[in-house]
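**Student:** what follows is a predicted structure for the sequence shown.
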Amino acid sequence: MMRSATLFFLLSSAVLAQAAAVSVKGPVFPGLRMTLATDPRVREFVAAAIGTNVAEDLSGLLPYSVVLENSTAHTLYAYTLRLTFVDPNGQSGGHNRQYFNLDGTSNGAEIAPGTARLVTPTSSMAPSRKWAGQGTSSSTGRRSADVSAVTDRLRAQVAVVVAIDLIVFDTGLVVGPDEGNTLSYLRGYLTGEREAASLVTNSLKKGASISAVSRDLERVAGELAAASTFYDTARGSQFRRFLGLTRSSGDSLMKEVDRVLGKPPFEFHR
């Protein structure tokens, strides 16, 4: 009861502090529902998702956050929160925050059937128990200084549109307009991991040392460091990830190579 009262106070304060007029878009798909986080209908869920992490900095993002509920028969592997806004001078801008899990094992970002997550511009959170239950939350994303910077930026706008711009199901089905072009990042993520894994295994088959493989990964990662597209940025992140594995002890590198090259390609479709 105390936590709900505290959250109610923070929600009220957040709404009062919010300068922008906020509207919500989509997604339109059977079994999916998106509700603004300040809506009284999801107050208990928001309280459970935040858990013991109730804080002024996070509450400031709630007017620009949503509860995304999945009542379909499939898991949501990826989703993008897209905010578009207009400042007092009439200049438009945007903020994308993508959450995804394409790795097979849970990283906490996916939304299983019959569950929901509180999706904010900096983190994605879910209750550790029932919606109205007690306890801490599970979260993925950034907090701290990033939260304050994004909150200040959003509060300076005169109008903000909150949208779930992209959803990818475990079947590869893609839903949403993808105005932020974040699907290209996912494509690059998958392409990059196979490229990096293939580089490792092909080089080792030719007798290259781990040091030589590491140099090759570092070279490609460097070439992609100045990438101007989401696709190549994601590819570069995978080469850096495999580069890190070459410097770790044990067999983690080859286990990851085998995992990546042994799984069937993930195909996106509409």
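**Tutor:** Perfect, thanks for sending it.
**Student:** which residues of the stretch 101-250 of the chain fall in helices?
**Tutor:** Secondary structure of the stretch 101-250 of the chain by DSSP state H, counting those that start in this stretch: the helices cover 145-155, 183-205, 210-224, 230-246.
**Student:** in the stretch 51-200 of the chain, where is pLDDT below threshold?
**Tutor:** For the stretch 51-200 of the chain, the stretches with pLDDT under 70 are 52-57, 128-145.
**Student:** quick one, strands of it?
**Tutor:** Listed in chain order, the strands of the stretch 51-200 of the chain (DSSP state E, counting those that start in this stretch) span 66-70, 76-86, 92-100, 115-119, 123-127, 137-141, 159-169, 174-175.
**Student:** looking at those strands, which is nearest to residue 263?
**Tutor:** When the strands of the stretch 51-200 of the chain are compared by C-beta to C-beta, strand 76-86 sits nearest residue 263, at 13.4 Å. For glycine as for every other residue, the C-beta is placed from the backbone atoms N, C-alpha and C.
**Student:** for the closest one, packing partners?
**Tutor:** Packing partners of strand 76-86 (3 or more C-beta pairs under 8 Å, 6 or more residues apart in numbering; DSSP states H and E): strand 66-70, strand 92-100, strand 159-169.
**Student:** now do the shortest one against strand 123-127, angle only.
**Tutor:** Angle between the axes of strand 66-70 and strand 123-127 is 60 degrees (criterion: axes from the mean of the first three to the mean of the last three C-alpha atoms, to 10 degrees).
**Student:** now do strand 66-70: which elements does it pack against?
**Tutor:** Counting by 3+ C-beta pairs under 8 Å, 6+ apart, strand 66-70 packs on strand 32-36, helix 43-50, strand 76-86, strand 115-119, strand 159-169.
**Student:** if you set the cut-off to 10 Å instead, what comes out?
**Tutor:** Counting contacts by 3 or more C-beta pairs under 10 Å, 6 or more residues apart in numbering; DSSP states H and E, strand 66-70 packs against strand 32-36, helix 43-50, strand 76-86, strand 115-119, strand 123-127, strand 159-169.
**Student:** just how off-centre is the first one within its chain?
**Tutor:** Read it as strand 32-36. 16 Å (C-alpha atoms, centre = their mean, to the nearest Å).
**Student:** do the fifth one as well
**Tutor:** Its chain's average C-alpha position is 10 Å from that of strand 123-127, according to C-alpha atoms, centre = their mean.
**Student:** give me the sheet partners of that strand and which way each runs.
**Tutor:** Applying DSSP bridges, strand 123-127 is found paired with strand 115-119 (antiparallel), strand 137-141 (antiparallel).
**Student:** just the CA atoms of that strand, as CSV, please.
**Tutor:** Only the C-alpha atoms of strand 123-127 are listed here, as CSV (Å, rounded to 0.1, in the frame of the first residue of the first chain):
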residue,chain,number,x,y,z
SER,A,123,15.0,0.6,-20.1
SER,A,124,12.6,-2.2,-20.3
MET,A,125,11.3,-3.7,-17.0
ALA,A,126,9.0,-6.5,-15.9
PRO,A,127,7.7,-7.5,-12.5
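**Student:** report the angle between it and strand 76-86.
**Tutor:** Going by the same axes, to 10 degrees, strand 123-127 makes 130 degrees with strand 76-86.
**Student:** would you map out the domains in this protein?
**Tutor:** Domain assignment for the chain by automatic domain parsing gives 2-175, 183-262.
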